[in-house]
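In: have a look at this fold, sequence not included:
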């Protein structure tokens with residue numbers, strides 16, 4: 001799977017190294033999967049209003065959220081899309097005392113894992129997904145995002 005990172009909100013551009021970190025973290029996560037989906041996934045770095053509109057349209061929740069994943073139906077060539085909301089992500093990172101690029105890289109990885117069929121609906125699946133995320137992020141010197149927080 002390859003990535004196309006689209007910056008829709010210029011606020012994301014103020015984060016040096018963000019695109020490279022997302023690409024590297026997601027690549028490392030995909031390398032740990034037995035059979036990642038083929039094709040190019042889009043990671044949309046956008047604003048709260050755009051994510052709120054997507055959340056309302058596709059999930060029936062009229063509020064912004066940090067990350068949304070839209071897995072495509074199983075077909076070769078297109079795994080799906082992930083969207084991150086700048087304002088929500090920035091507020092969460094600040095509240096947790098962590099760099100925004102670390103939080104965004106984690107959420108991008110989280111979203112891409114959803115595109116590959118991982119989820120956190122059941123406790124065992126959630127623990128496995130969190131273990132994978134934590135191990136990948138540790139390889140980049142990024143602290144365990146679940147140490148004192150709730151799953152995204």
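Out: The structure has been received and is ready for your questions. The model shown is predicted, which means the values in this text are computed figures rather than measured ones. Numbers count the residues shown, from 1 in each chain.
In: mind checking the SS state of residue 19?
Out: Following DSSP: H, G, I helix; E, B strand; the rest coil, residue 19 is assigned to helix.
In: mind checking how far stretch 41-52 is from the chain centre?
Out: Chain-centre distance of stretch 41-52: 11 Å, with Cα atoms, centre = their mean, to the nearest Å.
In: need the contact partners of that stretch.
Out: Residues from elsewhere that reach stretch 41-52 (Cβ atoms under 8 Å, 6 or more residues apart in numbering): 1-9, 11-12, 18, 22, 26, 62-65, 68, 79-88, 104, 108, 111-112, 115. C-betas here are computed from N, CA, C, even on glycine.
In: which non-adjacent residue is nearest residue 66?
Out: Nearest in space to residue 66, with sequence neighbours left out and distances taken as Cβ to Cβ, 6 or more residues apart in numbering, is residue 88 at 4.7 Å.
In: which residues are in contact with residue 86?
Out: Applying Cβ under 8 Å, 6+ apart, the residues contacting residue 86 are 9, 11, 12, 45, 46, 47, 48.
In: between these, which has the most around it?
Out: residue 45 (25 neighbours; other Cβ atoms under 10 Å).
In: just the element for it, please.
Out: Element membership for residue 45 (DSSP states H and E) is strand 40-46.
In: ok, that strand: who's next to it in the sheet?
Out: With DSSP bridges as the test, strand 40-46 is paired with strand 2-7 (parallel), strand 80-85 (parallel).
In: just the pLDDT at residue 149, thanks.
Out: Predicted confidence (pLDDT) for residue 149: 52.
In: with adjacent residues omitted, what lies nearest to residue 103?
Out: Per Cβ to Cβ, 6+ apart, closest to residue 103 is residue 93, 4.0 Å.
In: thought the one you found was touching residue 107?
Out: No: using Cβ atoms under 8 Å, residue 93 is not in contact with residue 107, being 9.8 Å away.
In: higher neighbour count, the two?
Out: Set residue 93 next to residue 107 and count neighbours by other Cβ under 10 Å: residue 107 wins out with 27 against 19.
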